[in-house]
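Chemist: Requesting a structural model of the entry that follows:
(4 chains)
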Protein chains: 2
Amino acid sequence: MNKRTVMLFKALGCSWRLKILECLSKGTMCICELDDLFAIDKTTLSRHVKALVHTGLVKENRNGTRKELSIADRRVLEILELAKSITDVPSQELE
Amino acid sequence: MNKRTVMLFKALGCSWRLKILECLSKGTMCICELDDLFAIDKTTLSRHVKALVHTGLVKENRNGTRKELSIADRRVLEILELAKSITDVPSQELE
DNA sequence: AACTTATGTTGCATTGTTGTGCAACAATGA
DNA sequence: TCATTGTTGCACAACAATGCAACATAAGTT
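Modeler: Below you'll find the predicted structure:
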């Protein structure tokens, strides 16, 4: 099994990073906009973004002092939708 | 974002567990068969299986002293295929 | 030019989580 | 009883997430 596939899933196994991807699914955003949205230290946010970029899920584009982020591969959104459809099982309690 | 979605991706972020799912995608197998196939301690294997069952990706069915395993939701296989199609990019080196 | 603001990153220490193997145990069936 | 199959408790190692302080970079101000 491909190591990069494992890396992809590791990158998706974090609620902050899923939140970031959900925001970006609606369009381009910069890190500072995400920072305003999330109750999270910007250091931590920066590192989560770095992880998403490193796995190739997110593209970044410098714009002045800002970094514009966008989804690099729309197929990731298909994965997210499938995953949500699997886990949205109200009748089945977990934990 | 749903906690169970995060759990699902965490469960997929491990090469042993992906290997197990790939084996099960071809049909039912018991843990001891997987144990013969993989160079891994049975303790560890048992725990990986437990994780897959706990997230609802794998079903188990006792059969004598054996536990027959099978994929609980075929949509997981769609996720795996999508993920592989994203990460199978020979031209793009990573690491 | 020097100063300031806005934005984002890195180094470090700390904490929390996950993976692992050994030994012991439990359950089933011959 | 014995073999087969699988699990659990424990300890340890490896990895990942976090926040603070300090730094870097770009652009605007004086």
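Chemist: Compute the number of surrounding residues for A:L80.
Modeler: Using other CB atoms under 10 Å in any protein chain shown, A:L80 is surrounded by 19 other residues. No exception for glycine: its C-beta is placed from N, CA and C like everyone else's.
Chemist: Make sure it is indeed in a strand.
Modeler: No - under DSSP: H, G, I helix; E, B strand; the rest coil, A:L80 falls outside any strand and is assigned helix.
Chemist: and it, how far is that from A:A39?
Modeler: Plainly put, A:L80 is 22 Å away from A:A39 if you go by CB to CB, to the nearest Å.
Chemist: relative orientation of the strand or helix carrying A:V76 and helix B:75-87 in degrees?
Modeler: Assigned by DSSP states H and E, A:V76 falls within helix A:75-87. Counting by axes from the mean of the first three to the mean of the last three CA atoms, to 10 degrees, helix A:75-87 lies at 170 degrees to helix B:75-87.
Chemist: Helix A:75-87 packs against which elements?
Modeler: Where contact means 3 or more CB pairs under 8 Å, 6 or more residues apart in numbering or on different chains; DSSP states H and E, helix A:75-87 is packed against helix A:3-12, helix A:15-25, helix B:3-12, helix B:75-87.
Chemist: Pull the residues that contact it.
Modeler: For helix A:75-87, contacts defined as CB atoms under 8 Å, 6 or more residues apart in numbering or on different chains pick out A:12, A:18, A:21-22, A:25, A:57, A:71, B:2, B:4-5, B:7-9, B:56, B:73, B:75-76, B:78-79, B:82-83, B:85-86.
Chemist: Narrow those residues to those that are buried.
Modeler: A:12, A:18, A:21, A:57, A:71, B:4-5, B:7-9, B:56, B:73, B:76, B:79, B:82-83, B:86 (16 or more other CB atoms under 10 Å in any protein chain shown).
Chemist: A:L12 contacts A:V58, doesn't it?
Modeler: No - checked against CB atoms under 8 Å, the pair A:L12 and A:V58 is beyond contact range at 11.8 Å.
Chemist: Mutual contacts of those two, please.
Modeler: Joint contacts of A:L12 and A:V58 (CB under 8 Å, 6+ apart) are A:L21.
Chemist: Could you report the separation of the residue nearest the centre of chain A from DNA strand D?
Modeler: Nearest to the mean C-alpha position of chain A, by CA atoms, centre = their mean, lies A:L21 at 3.2 Å. Per CB to the nearest atom of the strand, to the nearest Å, A:L21 is found 14 Å from DNA strand D.
Chemist: How about A:C23?
Modeler: A:C23 sits at a distance of 16 Å from DNA strand D (criterion: CB to the nearest atom of the strand).
Chemist: What about that residue, how many residues nearby?
Modeler: Around A:C23 there are 17 other residues, counting by other CB under 10 Å.
Chemist: now do A:A11
Modeler: Neighbours of A:A11 (other CB under 10 Å): 23.
Chemist: Quick check, pLDDT for it.
Modeler: Looking at A:A11, its pLDDT stands at 98.
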